[in-house]
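# I would like the atomic coordinates for the input below:
(chains A, B and C)
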Amino acid sequence: MNERVYEIGLTVNGVPRSATAPARRLLSDFLRHDLGLTGTHVGCEHGVCGCCTVLLDGDPVRSCLTFAITVEGREVTTVEGLADPDGTLSPVQQAFQDSHGLQCGFCTPGFLCTVTALLRDNPAPTEAEVLEGISGNLCRCTGYQNIIKAVLSLSRGVSRTAQENGAGNATTQRGSGDHVR
Amino acid sequence: MFGEPIVRVEDPRLLTGQGRYLDDLGRGALAAAFVRSPYAHARITGIDVDGALDVDGLVAVYTWEDLPGRVGEPLPLLIPHPALTHGRTAYPLARDVVRHVGEPVVMVVARDRYLAEDAAGRIQVTYQPLPVVVGIEKSASAEYLVHDDVPGNVGAFLVQEVGDAPAAIDAAPHVLEFRLDIERSASMPLEGRGVYARWDADDESLRVYSSTQTSTSVRMAIAAKLGLPPAKVEVIAPDVGGGFGVKIVHPWPEEVLVPWAARLLNQEVKWAEDRREHFVSSAHERGQVQFVRVGFDDEGRVLGLDVKILHDHGAYTPYGIIIPIITSTQLLGPYKLGAYRAEVTSLYTNTLIVTPYRGAGRPQGVFCMERTMDRIAAHLHLDRIDVRAANLIQPDEFPYDQGLIFQDGRPLIYDSGDYPALLRKARDLIGWDSFGSLRAVATAEGRRIGIGFACYVEGTGVGPYEGGHVEVDSSGRVHVSTGLTSQGQGHQTVFAQIAAAELGVPISDVQVTTGDTRRFGYAVGTFASRAAVMSGNAIALACRRLKEKALRIAAEALEADPRDLEIADGQVYVRGNPSASIPLRTVAVLSNPLRYAFDEEAQRATQFATGSSPDEPPIAPGEEPGLEGKDYYSPVRSTFAAGAHAAIVETDPDTAEIRILRYAVVHDCGRLINPRIVEGQIHGGVAQGIAGALYEKMEYDSDGQLLNASFMDFLMPYATEIPRIEIDHLETPSPLNPLGIKGAGEAGVIPVSAVIASAIEDAEGFEISAMPISPDDLFRLRRH
Amino acid sequence: MKPPPFDYHAPRTLGEALDALAEAGGDGKVLAGGQSLIPLLNMRLAAPGQLIDINRVAALDTLVREPGGIRVGALARHSRVERSSGHPLLRQALRHVAHPAIRNRGTVVGSLAHADPAAELPAVLAVLGGWVEVASVSGTRTIPAASFFAGPLESALLPGELAVSAFFPSLPPRSGSAFAELARRHGDYALAGVAAVVELDASGAVTSARIGCLGVAATPLVLDLTPYLMASGAFADAVAYVRERAEPDGDIHASAGYRRHLLGLLAARTLSEAHATASSPGPSAHRITGGTTDE
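So this is what the prediction gives:
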């Protein structure tokens, strides 16, 4: 039983890359194991956790729910492609460090890709929009507190004072439901 | 440096995809997959592997029959206890009988994981199903047995007692009796478990990477199982994508099998657990039923508390009965009771094993105690916080001996604390006293809100020891290592803060390594909120040794008295005379009489060289070359952190949805090394607490099938489900350790179910006795 | 959790796709967005021998406004339709479909073909009285929503057939729509949900009131509530009728009784909202003009 393999080429972080793989190779595994870009993580392989989120032609998608061969020839951006070539962290990466928006770091690449696209499409998201925007990514360490803080720190629509008051603001109520309905 | 909220040194690596987690390693390694039991209880009647043999890329298939000697023996029972009279552990691959869905039966090794799964799918195992025991009550009924040789399904029976609680209750003016239930949840780190092994045939040595909370103990286990000298086994915990308890268990079957296969095949083998496997083959926690009887006086003071705890420990007991021991001791919280008795029956069921998950039995104990406080208040028509206040241990009563034996086998003596202050702060932070007017407004709008409160005490930093090693090299870099492992707690940052503060060097010069047996061989592991207390103090002590040596050498070079020297910014200088100084890196060179001029620093050091006496050895007796320090910290007993949480919830009168409007935490973990990191730990803990209170639950059916073994159906909260968390601190230093610190890792999760139950009860006006609670549960309770 | 092997086909035209499907017969499965199919493959709950990946069939990547509604091609992703369909009810419903990253990949037609009774779009198509255009090597046919959803995860598509587009009729003037659902977590499949459409005459009297319910029956449940809404004060009767007609199953997330209860609440909410929208003056936002959508 020899499985047919294909030469699959993608542009990853601006660089044309290719490898040989069967049609069933998930994009997540293709990036990680065939191309050696292990920054994209795999947390559930059924599309719920968001750890494997990458940007496909700029838009966040689940790389575990995409076959590499389906997106042949297209542009993929992974966490390895977010910082400047000289190593300077992107504003989103820097905000995550400054706000302590990561602990174990496993979910972080998915959040960074998601948030990078979110802020590109909406440079001034409200807190509700931030929540909606990151609502497809699970984090087990941070309770999301500092991830939200990091994203809001980059939002042009949120004033500095509002951010600072945020943590202790008793009257701003955000719970499980505001944004659900 | 110590105490400052600096940003983490780990982050740049993790933010740019340069972290190295288990499955990021060993790109060319063979992949393992397992055939796991689809039955909760069955006898294996046949294994036919023929179908797998024509899978291209298949390398090996192993069943229990293939496992030689100690590899095939049952896995060790890690923490024996006299009360655990019927401890049982599993074989690494099932032998004859399987006792939970997910138990490994056949191991497959193939060229990659896709092919390994193909082959595993083609292996036919036939089973003769046996009666299934699911649920605490079914187990207690002992109609069927999980293990033929364990009567009544009882693994352990444990009594904890101070005074004569039944008599005190009988004599009390008021008595209440009720039942409480807590369901199962799980640690559920986003990275599953994983093992990657490389055998070096030339060197006859093994290197193993494991996503573990204890690399040193995994090493000893593998060495013993494989019959290798420990010196020939290295175990490294790489970056670990969260642990929360589940990765402290060791050795997992895969931690034995993967290295064994790598050695046998003389090829690299890797197994990275997938999410489905994690649900059915790692571990769960929390499930308990508690029968409570309490007697109290008119002020709500508890005169006697008697709790019968039925604890579900799953199919095996590799981790002993630590969880119910903790439940039954930490149940007491910040209170002094007249008399106390807890009786634990720890039961087998045909479900996944139960081992510590963040909080480790404490959430159940706190749920019991705090629900009891609320019921007393309701019975007496007293304020719920006032009832708690009436029972508190007072600040002048420390050290306070609860009269029980704690999880570390030592007396349960609280080291320090100020519980009345915690209560006051939490009361103020949530606005307890003005809640009435808030509620009036809500009621007028047709909304239903309630307020809840709970306290906890957490034993942290349990022994027996951790060690630290510190070395300054000739470039001035400070290398710190400790044996325990990291899963995202920011150890590289906080341990560097400690070392920088102790040594007087810039933090940028400090590099910290954890969980690598090549660097530090003796360690216990990361659990029980112990890393900061144990390794933090060990590293501080190691730094003090190094500093003492550095000052001695520098004093000789500077012709000064060591007592007059200080270190700042990496320079040793004479106090009051900064021009008389010597860099620490030069001291490092001077510490070694062998001074090949490999670098400029060695050449520079010659100007300080002080010829030793020709009549003495270049290294004096008791001395060692090199500027190093190593020490261990071994505490007499645990430190006790504490806290109080409060929440306001809204319950929808129509949909029965439950929404947390505010969540407030007051937390005391002694001195804070890095407030930013402590708050992060609290945030994560509270979120897991909310998850356990409102969303997460392992749903087994009566056949022992886990019905929600996916992230679609096991409802881990997203950002949209977690409210903002407000935090205030209290710092009561521990008198037990040099740094005055207590652990903070687990605290956040502990009282959350109790707080939320308290608040829902307050909103709804009827008793909440079981958690978690879903809108459907609330809907049903309303109709009763 | 790796998908099983399959033979892979990557047609570039509809003809090639239909040929491949015909050849595969019952062993063939169509891959569009893959957001429902690939999880099933990864869990090895599905193992088609032939996978026909239509992502390169550019002719299916369409979103066309026609006089009577919007035609959504088989490759139009949720996020694009959400942004550009101009159809208020579709937009209202699509906001509830999973999460943004899923919506960037998943397709509207794929969701319909998956026929999950708890999904949003089948209920929307059903309440609007829309249809699905289906093609195979032997020709094309149009399947109305009422017969397209055959059972849980079961559509009326036959082996060899490809759903090439779905047509969502637009709402008439003086109408309003609303969508609401309740899920355990944001983005989860709903415990219950309702898509409502209310139409009024020039005097403001209700001429039609329909709801499409999800999560409470084996297929989307469409109920005509016009008589109840025409009679003032019969709102409670409408809710009672909805609850009576629902046939929810209980599962680990909610009991049947609770789902039934929620459905009544959601019906009341959405009907009120749709009625209010229909009654509000101003430009009819619900008109869909012809031509290809501009994004």
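
# What parts of the stretch 101-250 of chain C come near chain A?
Selection of the stretch 101-250 of chain C residues close to chain A by Cβ under 8 Å from any Cβ of the partner chain yields C:Ala101, C:Ile102, C:Asn104, C:Arg105, C:Ala180, C:Leu182, C:Ala183, C:His186, C:Gly187. In this view, the C-beta of every residue, glycine as well, is placed from N, C-alpha and C.

# Can you report how many residues lie near B:Glu177?
By the criterion of other Cβ atoms under 10 Å in any protein chain shown, B:Glu177 has 11 neighbours.

# B:Arg659 too?
20.

# Please see if the helix or strand that it is a member of touches chain A.
Following DSSP states H and E, one finds B:Arg659 within strand B:658-668. Yes: residues of strand B:658-668 contacting chain A under Cβ under 8 Å from any Cβ: B:Ile658, B:Arg659, B:Ile660, B:Leu661, B:Arg662.

# Contacts only, for the residue of chain A found nearest chain C.
Closest residue of chain A to chain C, Cβ to the nearest Cβ: A:Gly136 (2.6 Å). With contact taken as Cβ atoms under 8 Å, 6 or more residues apart in numbering or on different chains, A:Gly136 is in contact with A:Gly50, A:Thr53, A:Thr114, B:Tyr718, C:Ala98, C:His99, C:Pro100, C:Ala101, C:Ile102, C:Gly187.

# Within the helices and strands, which one has it?
A:Gly136 is part of no helix or strand when elements are defined by DSSP H and E.

# where along chain C do the helices fall?
Using DSSP state H, the helices of chain C run over C:14-24, C:37-42, C:78-84, C:88-94, C:100-103, C:108-114, C:120-128, C:145-148, C:226-230, C:235-245, C:256-279.

# same thing with chain A?
Assigned by DSSP H, the helices in chain A fall at A:27-29, A:91-98, A:108-121, A:127-133, A:145-154, A:160-166.

# out of these, which comes closest to B:Asp164?
Smallest distance to B:Asp164 across those (Cβ to Cβ): 46.4 Å, for helix A:145-154.

# and the closest one, anywhere near chain B?
Yes: residues of helix A:145-154 are located near chain B by Cβ under 8 Å from any Cβ, namely A:Gln145, A:Asn146, A:Ile147, A:Ile148.

# What is that helix packed up against?
Helix A:145-154 is packed against helix A:91-98, helix A:108-121, helix A:127-133, helix A:160-166, helix B:675-690, with contacts defined by 3 or more Cβ pairs under 8 Å, 6 or more residues apart in numbering or on different chains; DSSP states H and E.

# Tell me which of these lies nearest to B:Val218.
From the helices and strands packed on helix A:145-154, taking Cβ to Cβ, the stretch that ends up closest is helix B:675-690, at 24.4 Å.

# mean confidence for the helix or strand just after that closest one?
As assigned by DSSP H and E, the chain's next helix or strand after helix B:675-690 is strand B:725-730. Mean pLDDT, computed over strand B:725-730, is 96.

# Okay, now the sheet partners of strand B:725-730, with direction.
Each strand that pairs with strand B:725-730, with its direction, by DSSP bridges: strand B:658-668 (parallel).

# Now do the strand it pairs with: distance to the chain's middle.
Put simply, strand B:658-668 sits 22 Å off its chain's centre (Cα atoms, centre = their mean, to the nearest Å).

# Over to stretch B:652-671?
Relative to where its chain is centred, stretch B:652-671 has its mean C-alpha point 23 Å off (Cα atoms, centre = their mean).

# what about it, how long is it end to end?
Length of stretch B:652-671, first residue to last, Cα to Cα, to the nearest Å: 41 Å.

# where does A:Leu35 land on pLDDT?
98.

# typo on my end, it should be A:Ala170
For A:Ala170, the pLDDT comes out at 35.

# Same question for B:Val133.
Reading off the model, B:Val133 has pLDDT 98.

# picking that back up, right, and the helices of chain A - which one's nearest B:Ala140?
Taking Cβ to Cβ, helix A:145-154 is the member of the helices of chain A nearest to B:Ala140, at 40.8 Å.

# what is the rounded mean pLDDT of that closest one?
98.

# before we move on, what about stretch B:670-690?
For stretch B:670-690, the mean confidence score works out to 97.

# ditto for stretch B:300-307
The model assigns stretch B:300-307 a mean pLDDT of 98.

# List the contacts of that stretch.
Contacts for stretch B:300-307 (Cβ under 8 Å, 6+ apart): B:163-169, B:171-172, B:290-297, B:328, B:331, B:335, B:337-343, B:368-369, B:372-373, B:376-377, B:380, B:382, B:386-387, B:390-391.

# Could you tell me which of these count as buried?
Among these, those scoring as buried are B:164-165, B:168-169, B:172, B:290, B:292-296, B:328, B:331, B:335, B:337-343, B:368-369, B:372-373, B:376-377, B:380, B:387, B:390-391 (criterion: 16 or more other Cβ atoms under 10 Å in any protein chain shown).

# Mind checking which of those land in helices?
Those of these lying in helices (DSSP H): B:165, B:168-169, B:328, B:368-369, B:372-373, B:376-377, B:380, B:387, B:390-391.

# Now for those residues: which two are most distant?
B:Ser328 and B:Leu380, at 26.1 Å, using Cβ to Cβ across those.
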